[in-house]
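K.L.:
Predicted structure and sequence below. I'll ask about it afterward.
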Amino acid sequence: MSTEKSQISEFSVNVFPETFKQARSRLVTGKIHITVDGNDFPDSSWDDFVVVILGWWLEGLLGLEKTSGESAFRFMDGPCRFEVKTKTPDLWELSLFRRTDDEGISKHLVRPQSFAREMFDAANIVIDACKKKNHGSNDLDTLVSHLEKLKDLCE
């Protein structure tokens, strides 16, 4: 791992509804990335299957909340991912990976409540945008279901 930080990092999930497009397959693509301490990952122009991966991320977050263990948060396009491990009930370790076989490019400490809130807010933005654009799908239904389960943890 190239860098490890001991201070609490700023974390955000960034989605851009104006970029959302639905294919005939009903899959919605659009720009999505995370930002950790001002650095965009995988990069600021990353385009991916936003509804699908946010569904995966919420599922991973719900698993973390239940098990106090670890979870991987993947992007669908390419090998980029971030992993989160519980260090204490109030502190999680976030690691960024660009390839499937590497040790990661950096580690950061994040607050579980802030991490969950960012996921919650991004999912709400995506759901609202998809509903406004009539981008319905089974993946959107899954995202809505996961968000309902997460609501109790974020409020």
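P.N.:
Nice, thanks for sending it over.
K.L.:
quick one, strands of the chain?
P.N.:
4-8, 11-15, 21-22, 28-36, 39-41, 47-48, 70-74, 81-88, 91-97, 106-110 (DSSP state E).
K.L.:
average model confidence for the longest helix that the chain contains?
P.N.:
Longest helix in the chain by number of residues (criterion: DSSP state H): helix 112-132. Computed over helix 112-132, the mean pLDDT rounds to 95.
K.L.:
Next, the buried residues of it.
P.N.:
112, 115-120, 122-123, 125-127, 129-130 (16 or more other CB atoms under 10 Å). C-beta here means a position set from N, CA and C on the backbone, and glycine is covered the same way.
K.L.:
where are the low-confidence patches of this protein?
P.N.:
1-5, 66-68, 100-101, 152-155 (pLDDT under 70).
K.L.:
let's see it at 90
P.N.:
1-6, 24, 26, 63-69, 77-79, 89, 98-105, 149-155 (pLDDT under 90).
K.L.:
that older thread, want to try TSV for the strands of the chain, with mean neighbour count as columns?
P.N.:
As requested, these are exported to TSV (neighbours: other CB atoms under 10 Å):
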stretch	mean neighbour count
strand 4-8	11
strand 11-15	19
strand 21-22	15
strand 28-36	21
strand 39-41	17
strand 47-48	18
strand 70-74	18
strand 81-88	17
strand 91-97	20
strand 106-110	20
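K.L.:
Put together CSV for those, with distance to Asp141 on each row.
P.N.:
Shown next, in CSV, are the strands of the chain (distance: least, CB to CB, whole Å):
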stretch, distance to Asp141
strand 4-8, 35
strand 11-15, 18
strand 21-22, 14
strand 28-36, 13
strand 39-41, 28
strand 47-48, 19
strand 70-74, 20
strand 81-88, 24
strand 91-97, 28
strand 106-110, 29
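K.L.:
Out of these, the one nearest Leu140 is which?
P.N.:
Closest to Leu140 of the strands of the chain is strand 28-36 (CB to CB; 7.6 Å).
K.L.:
how far is that closest one from where the chain is centred?
P.N.:
8 Å (CA atoms, centre = their mean, to the nearest Å).
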